[in-house]
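> Show me the folded form of this:
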Amino acid sequence: MNDTEPQTASGKVLFHFAMSLDGFVAGPNHEMGWMAGTDRPGMEREYERTTGAILGGRDGYDALPGARPYSSDWDGPIFVLTHHPEDAPPAAGITFLNCDVAEAVRIGLEAAGGKNLEVFSPTIGRQLLDLGLIDEIDLHIMPVMLGHGIRLYDNPGSEPIYLHHVGQSDPVATVNVRYRPISK
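Numbering: from 1, shown residues only. The predicted structure is shown next:
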């Protein structure tokens, strides 16, 4: 199964992650090495062209201070939403915000200059979903099960969020995925 269509730079708010088959977007302590070598050809360039800015959270930033996504060709602004910007270790191209999530999205979209704002925080993404501020959820499901780590969506007791599968003839049909375990 391939992506439905290439991503476009149309000023969307994207909840964008690579995710393990069991629903984790990072391992314990925000470990990300499990994703190495799994991108489809051209995918990184596609997101470099369509991403205008990134909104992330403080936990992810503290785990990987100053880290930037994609290659060195992408130099857009990164915003880190935090309750304590005064003690955040600074890094070039990163702005720390202490505001509500809706204001952070407004700031990020303005900085994105008509391109997409990517949300790289499960916690912020959950809040934006609750507020109706996510335009698309863009997932890359990796052929691995981590067993523990940081979940894409963790909101015990909440109501289900139903989704429309973009670009499919039946947008509410189940997506079937089949894998076999391999020995390493």
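> Show me which helix runs longest in this structure.
When the chain is parsed with DSSP state H, its longest helix is helix 101-112.
> Just the pLDDT at residue 40, thanks.
Looking at residue 40, its pLDDT stands at 69.
> What is the burial count for the residue nearest to residue 57 when sequence neighbours are not counted?
Once flanking residues are discounted, residue 57 sits nearest to residue 121: 3.5 Å by Cβ to Cβ, 6 or more residues apart in numbering. Every C-beta, even on glycine, is put in place using the N, C-alpha and C of the backbone. Residue 121: 24 surrounding residues under other Cβ atoms under 10 Å.
> what do you get for residue 71?
9.
> quick one: low-confidence ranges for the protein?
The chain contains residues with pLDDT under 70 at 1-8, 37-40, 184.
> What ranges does it have for its strands?
Along the chain, the segments classed as strands by DSSP state E run 13-20, 24-26, 51-57, 78-81, 94-97, 116-119, 136-142, 150-151.
> residue contacts, residue 148?
Going by Cβ atoms under 8 Å, 6 or more residues apart in numbering, residue 148 touches 24, 27, 28.
> I'd like the distance between it and residue 134.
Shown here: residue 148 relative to residue 134, a distance of 25 Å by Cβ to Cβ, to the nearest Å.
> residues near the closest residue to residue 91 other than its chain neighbours, how many?
Closest residue to residue 91 apart from its sequence neighbours, by Cβ to Cβ, 6+ apart: residue 66 at 3.5 Å. For residue 66, the count of nearby residues is 12 (other Cβ under 10 Å).
> so how far is residue 58 from residue 167?
Distance, residue 167 to residue 58, using Cβ to Cβ: 34 Å.
> out of these two, which sits in the busier spot?
A count of neighbours by other Cβ under 10 Å puts residue 58 above the other of residue 167 and residue 58, at 19 against 9.
> I'd guessed that one sits against residue 79; true?
No: assessed by Cβ atoms under 8 Å, residue 58 is found out of contact with residue 79, at 11.2 Å.
> which one of the contacts of residue 148 is nearest residue 156?
residue 24 (16.1 Å; Cβ to Cβ).
> which residues in this protein form helices?
Assigned by DSSP H, the chain shows helices spanning 43-50, 58-63, 101-112, 122-131.
> Redo the ones you listed as TSV? Include distance to residue 10.
Output for these, formatted as TSV (distance: least, Cβ to Cβ, whole Å):
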stretch	distance to residue 10
helix 43-50	8
helix 58-63	25
helix 101-112	10
helix 122-131	17
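> on that earlier part again, of the contacts of residue 148, select the buried ones using a PyMOL command.
To isolate the buried ones among those in PyMOL, judged by 16 or more other Cβ atoms under 10 Å, type:
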select buried, resi 24+27
